[in-house]
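Enquirer: Test case, fold it:
(4 chains)
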Protein chains: 4
Amino acid sequence: MSNKRIRLGMVGGGRDAFIGGVHRIAARIDDRFDLVAGALSSTPEKARASGEDLGLAADRIYDDYDAMAAKEADRDDGIEAVSVVTPNHMHFPAAKAFLMCGIHVICDKPLTSSLADAKALAEAAANSDALFILTHNYTGYPMIRQAREMVATGALGRLRVVQVEYAQDWLSADLEASGQKQAGWRTDPARSGAGGSTGDIGSHAFNLACFVTGLEVEELAADLDAFVPGRRVDDNGHVMLRFSGGAKGMLWCSQVAPGNENALRLRVYGEKGGLEWSQEDPNYLWYTPLGEPKRLLTRAGAGAGEAAARVSRIPGGHPEGYLEGFATIYNEAADAIQARRDGRPVPSECLYPTIADGVDGLRFIEGCVASSQANGTWIRLADL
Amino acid sequence: MSNKRIRLGMVGGGRDAFIGGVHRIAARIDDRFDLVAGALSSTPEKARASGEDLGLAADRIYDDYDAMAAKEADRDDGIEAVSVVTPNHMHFPAAKAFLMCGIHVICDKPLTSSLADAKALAEAAANSDALFILTHNYTGYPMIRQAREMVATGALGRLRVVQVEYAQDWLSADLEASGQKQAGWRTDPARSGAGGSTGDIGSHAFNLACFVTGLEVEELAADLDAFVPGRRVDDNGHVMLRFSGGAKGMLWCSQVAPGNENALRLRVYGEKGGLEWSQEDPNYLWYTPLGEPKRLLTRAGAGAGEAAARVSRIPGGHPEGYLEGFATIYNEAADAIQARRDGRPVPSECLYPTIADGVDGLRFIEGCVASSQANGTWIRLADL
Amino acid sequence: MSNKRIRLGMVGGGRDAFIGGVHRIAARIDDRFDLVAGALSSTPEKARASGEDLGLAADRIYDDYDAMAAKEADRDDGIEAVSVVTPNHMHFPAAKAFLMCGIHVICDKPLTSSLADAKALAEAAANSDALFILTHNYTGYPMIRQAREMVATGALGRLRVVQVEYAQDWLSADLEASGQKQAGWRTDPARSGAGGSTGDIGSHAFNLACFVTGLEVEELAADLDAFVPGRRVDDNGHVMLRFSGGAKGMLWCSQVAPGNENALRLRVYGEKGGLEWSQEDPNYLWYTPLGEPKRLLTRAGAGAGEAAARVSRIPGGHPEGYLEGFATIYNEAADAIQARRDGRPVPSECLYPTIADGVDGLRFIEGCVASSQANGTWIRLADL
Amino acid sequence: MSNKRIRLGMVGGGRDAFIGGVHRIAARIDDRFDLVAGALSSTPEKARASGEDLGLAADRIYDDYDAMAAKEADRDDGIEAVSVVTPNHMHFPAAKAFLMCGIHVICDKPLTSSLADAKALAEAAANSDALFILTHNYTGYPMIRQAREMVATGALGRLRVVQVEYAQDWLSADLEASGQKQAGWRTDPARSGAGGSTGDIGSHAFNLACFVTGLEVEELAADLDAFVPGRRVDDNGHVMLRFSGGAKGMLWCSQVAPGNENALRLRVYGEKGGLEWSQEDPNYLWYTPLGEPKRLLTRAGAGAGEAAARVSRIPGGHPEGYLEGFATIYNEAADAIQARRDGRPVPSECLYPTIADGVDGLRFIEGCVASSQANGTWIRLADL
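Expert: Below you'll find the predicted structure:
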């Protein structure tokens, strides 16, 4: 097959949705995909209207992902990949349906709404030839790639301390009571899963810390709260981490911290140096070799290496943002899918998170909940 | 005509070019254009190879923009708009060719390589039904729109002082001697025009100051230098500005300031308040109402108004960047072209720079050169 | 007695010491003290030479604090107050000697090297008419006073989350092996106490969080490490906090975080707003009222209130620093001592930390050690 | 004579004054001076009350600086140095009186209220054995010393561009009409001199640029404004600079820029690197070697050299501020005076500004006024 654009479908992401639109822009930026089919809403009229908004052919607008998987799999020009951008609890059945038809899955995070589902989905993926890409999109930022490369090549020496946090303020009040759609499902355990802030954003922080450090979290101890009266899931989480190899960490996630929009921050310290990064200013990476002045590495600037350059589009000083980082996940998904088309193995440069990261993410979420319920007892993630 | 994607061509932007790729991403982000034709290089083989890279149909890959204008104008499915992304000296003939065929032009800045060409092109545009969009892309940043709106609605009161600067460091050494393509044409007066840093980046700074303040520069006094031995155009410019209405300004542009990547900064002060913005951190706008604490306005955050919201895609704290700001120019170009399709006037919300801004930009460039040659004499731009 | 300068002595702070010199500058800045006596070193020759350096009269240079306390108490012109700036383990006997002679004590932190000593010293203080001032100097910064005032007056509403950290990097390697004096005693449990980073800097972070929030820490769970091989005290501490009233916190202290000099940071979030402050940039306080733009309050700038103004010396934009914050503790000590001279109660505006804060600090240190030894079990501080 | 504290007098600085109190703190910080005499106000009652506030002996409180100079010169224990901290127009007669009595003068800036006075005072100084120290206090900041050292030792290569600015907002409205004392004399040409913002703060910016670069300004072109209706001196100045050796600069001073407290910023760019510094965050110096990542040098941190260390008091990360920088001028004045006591030449490490810098400052002020009156004509400062 040639290197023509990949035929893409989407489940979820209709009118009023947030993350679906992000996925579509991300898929367009590097021009590797054509969106040609969708089951964009579970409400048939909304599915249809949303599909028309996007210029989909009438016969490729579905109101049921099972039907979509089956019919697209039957078409000669059927989709090769699908983006699953529903609320969390639908990730499992939707993704599974496409995996079983051999269609590659690009799935939003967290992987599922429960660890049991996550494990089941991992099994389904293991039994499918299709690829599974999990959009922990922050891993696509060039300076995160830079940080990962620096850790891997030893610039920091043996790691000691990891500080990671993701703070927001949009759920400081009882927004779910207002009928706001995003707040509604995210604070509903039936759709979101057992974790609130831990699932929605803590899982990103957890994934990012592991991605950059290359370490696994062996144990955690958590103290979770639902500060907003009546809220059914946590909106603030304090977590202590113990990594493989002896490094220690702290993770803070909060949706009730006024003054924070999407303040995902990562700091990693080793014997020989330290790194500091913030998602809201993603083109910068602070690097301090022990005993030397702090250096401000910039995307595409002096001091940025191969890993950052590979996922960077424009010159330094011209900021790339959230959408470009997200697009990098799609671009690497395209590289991987193209490799499959060509009968080649997935290139080692494709660093997108996979289903294994998704299972780890659910272990984190359910581990936090279990630890907090047990008054902060240390939980071994491998035991979950 | 429906709201189907606009058929777009491109002149320039082949392999090795920089800004053409940026235009293509910008055109894709909001999904309003299909790139279907191109004269991507003046070298035929490169034009062909570049066209194939982009998946253009063979019969729509041209090596001559005149031919492209003529043939596309003849096709039923011919391009409706063209992006002109060549070195400066080719903007005039290429843009004129398409204008004369009634094809809308989206042109990179500066408008032309001389004021005479600019005026001639403006005349051509006046005699054409086609639209003319000039990609002073920084005007597309949401917080620049916010700043403009705040000035316009009086948040700063009568303006007094404007400080604007655009500093880079990439031409600190004699890069043009190395054969680097971007440095080569930008420091060649035959291709770039009389201005070096003044033309390449000073013109952006000038445009941005005017865009945000709504004021015109009446007079300027300039002191230009070519610090790198042998350089034929200025690489540093110091300019004092006098605006209509009595405000005063300073403009600094430099390509020899180590530590600056694309440090475009604008500060505007009035009787009642001040604003500060930096392109490298574009999602922030500092606003100080006189006598109150400084406030950090963020794109899509509390305090951002209608003008910013209209050109913002994702939630606050998720940084949008250079490509999204550029895409906003394309998106508004699409709005304007769609209005033409529909027989409506161009919507007033379309704030993209036009050919008049381009002529003003050339007045700025040639005014700087003239003033500097006359030892900093004040030059009235209207006299040029 | 008039408002003449207060006669001050000093224990510790001889040649090679660090913090003694800081105390002396702090005592001079507001011109309320005359340093007239000292037992500046336990080594007689160094005590004498150090006293001469400072211009002390020969008969008021002591090599023994007990003798100094006794003799000064007998003099008509004897010292009214003493600064105790020795290594931690000497705070207790030295401070006690002066308290028993009715001489006011200004003591460096932590209060003592053990909780038992701290309680014994508190008892001694309770049985003395002398005042006890503990130099948790960061409480003297104007914007910390501002933060405390804002919390107290309800600007943040009910508090939910406190994030506090104090990170350094100077002990990333085995500096104590080099014979460096400061590293030597700080990593020696016999002189420093059971806590390393928890005692040296964690105690500051703990104190600052309590000072600003007005809350008590009821329980903590800690995970401490000595990352540098052979180190006998912790050099990194991760601590989860539970405050009275339901707020939760995290505290991180580290001396092995490359790129951090004295990065003491406090963030406080409540129902209605958030505050963020950093010691390295102390003239700024970020304040976000929920749903409004972030504001940058500056010392002596618009938005700073009475509490900050009272301890501020110069106009906004002219940075005050560490020494001025420290001087505020001395200035308030002088206010309190003057009140005693005049037979008045200590003014309520004097917010310097006292011996009770010192006992709490030792509870924090020993609580961290106990929790960490018990694998992060929650420890009730009131039980210690 | 021994190294006892230097006996110091003060002219000006009584109740309600601002800068006198700053000088007194600065003189105390390093404990090299005793303030023993003063003519603190031209109003006798205020002079007396102010002297009593400071604990001066009754017979050393003067209401007339001439009398003070004469009587103190006659005393065995008379003052060795005097601080002149009056409004500008009194600097000349007061300083001259002490110089003629052989008393060292520490004088606030600008040197005088006219260039003619400045030249006359320089002549008086040349005919006196006394030292003359001008408190352009910003030269005392450690990172300014670091910058100067780096320029001098070639870290930046040949200099090309200097950007300096000092922006405030406190005179954005007609504060002088309110009776505010500081605004009153600063906007009165009879007391302040011909320059408003140029004299009050532009002179600092000018001095700082020259101090750090080691270059002289040969020519300037200025555009000054008094934006506040009725104001008699400039409140905003735009100035282009031409330095000896070919470097170019821009200087902006403003007292009408809302959001700026004391925003003195200096940026220096050379062939090999760039430096950036801001007074409001004075413990940082940004240094970019061309082609390498930007580095954040910190006072007393890794990367700070001898020149910074010599004037630094406390460890890195503990901010020193405005008062410490000011104190360094006093400390170096003390070093110089001590050298005179000892019959030694003034040490070369004493970098305080002198009367020659003060004359240059008046050339700057009067040059700006002359240039602006001549519509921005270039003025050679050596011709004034």
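Enquirer: which residue packs closest to A:Asn283, ignoring adjacent ones?
Expert: A:Arg299 (4.4 Å; C-beta to C-beta, 6 or more residues apart in numbering or on different chains). Just so you know, the C-beta spots here come from the backbone N, C-alpha and C atoms, and that holds for glycine as well.
Enquirer: can you tell me which residues contact the one you found?
Expert: A:142-143, A:146, A:282-284, A:308, A:312, A:316, A:320 (C-beta atoms under 8 Å, 6 or more residues apart in numbering or on different chains).
Enquirer: And A:Thr377, by the same measure?
Expert: A:221, A:371.
Enquirer: Please report phi then psi for it.
Expert: When quoted as degrees, to the nearest 10, the phi and psi of A:Thr377 stand at phi -60, psi 140.
Enquirer: Next, the contact list for the nearest residue to A:Val233 once chain neighbours are set aside, please.
Expert: Of all residues not flanking A:Val233 in the chain, A:Gly196 sits nearest, at 2.9 Å (C-beta to C-beta, 6+ apart). Neighbouring residues of A:Gly196 by C-beta under 8 Å, 6+ apart: A:186-187, A:226, A:231-235, A:255.
Enquirer: how about a cut-off of 6 Å?
Expert: Residues near A:Gly196 by C-beta atoms under 6 Å, 6 or more residues apart in numbering or on different chains: A:233-235.
Enquirer: What is the nearest of those to D:Gly21?
Expert: A:Asp235 (49.0 Å; C-beta to C-beta).
Enquirer: got the residues of chain A near chain C?
Expert: Residues of chain A lying close to chain C (C-beta under 6 Å from any C-beta of the partner chain) are A:160-161, A:172, A:221, A:223, A:225, A:227, A:236, A:238, A:240, A:248, A:250, A:252, A:256-259, A:269, A:273-274, A:288, A:290, A:294, A:376.
Enquirer: Sort out for me which of those are in strands.
Expert: A:160-161, A:221, A:223, A:225, A:236, A:238, A:240, A:248, A:250, A:252, A:269, A:273-274, A:288, A:294 (DSSP state E).
Enquirer: Just the closest of the residues you listed to B:Cys210, please.
Expert: In terms of C-beta to C-beta, no member of those lies closer to B:Cys210 than A:Lys294, at 37.7 Å.
Enquirer: so the closest one sits right up against D:Leu297, yeah?
Expert: No: shown here, A:Lys294 and D:Leu297 do not form a contact pair, counting by C-beta atoms under 6 Å, at 8.6 Å.
Enquirer: Check the gap between A:Asn137 and chain B for me.
Expert: 10 Å (C-beta to the nearest C-beta, to the nearest Å).
Enquirer: scratch that, A:Leu134
Expert: Look at A:Leu134 and chain B: by C-beta to the nearest C-beta, they are 18 Å apart.
Enquirer: do A:Ile355 as well
Expert: 25 Å.
Enquirer: Skipping its backbone neighbours, what lies nearest that residue in space?
Expert: A:Phe132 (4.3 Å).
Enquirer: Across the sheet, point out what pairs with the one you found.
Expert: A:Val105 (DSSP bridges).
Enquirer: which stretches of chain A have low pLDDT?
Expert: Scanning chain A for pLDDT under 70 picks out A:1-3.
Enquirer: Contact residues of it facing chain B?
Expert: A:25, A:28-29, A:261-262, A:280, A:316-322.
Enquirer: Narrow those residues to those in helices?
Expert: Judged by DSSP state H, those include A:25, A:28-29, A:322 as members of helices.
Enquirer: Please tell me which one of those residues counts the most neighbours.
Expert: A:Tyr322 (28 neighbours; other C-beta atoms under 10 Å in any protein chain shown).
Enquirer: Residues of chain A that sit close to chain D?
Expert: Residues of chain A lying near chain D (C-beta under 6 Å from any C-beta): A:291-297, A:302-303.
Enquirer: What is the burial count for the closest residue to chain B within the stretch 101-250 of chain A?
Expert: Proximity of the stretch 101-250 of chain A to chain B (C-beta to the nearest C-beta) peaks at A:Gln168, 7.4 Å away. When neighbours are defined as other C-beta under 10 Å, A:Gln168 has 24 of them.
Enquirer: quick one: contacts for the nearest residue to it once chain neighbours are set aside?
Expert: For A:Gln168, ignoring the flanking residues on the chain, the nearest one in space by C-beta to C-beta, 6+ apart is A:Gln255 at 4.7 Å. Contact analysis of A:Gln255 by C-beta under 6 Å, 6+ apart lists A:168, A:171, A:197, A:235.
Enquirer: Over to the second one: give its phi and psi.
Expert: This means A:Leu171. phi -110, psi 20.
Enquirer: and if you look at A:Ala152?
Expert: phi -60, psi -30.
Enquirer: returning to that earlier point: could you identify the most distant pair in the residues of chain A next to chain D?
Expert: A:Gly291 and A:Ala302 (20.7 Å).
Enquirer: Between these two, which has more neighbouring residues?
Expert: A:Ala302 (18 against 15).
Enquirer: I'd like the distance between that one and B:Asp169.
Expert: Distance, A:Ala302 to B:Asp169, by C-beta to C-beta, to the nearest Å: 10 Å.
Enquirer: Also A:Ala374?
Expert: Counting by C-beta to C-beta - A:Ala374 and B:Asp169 are separated by 56 Å.
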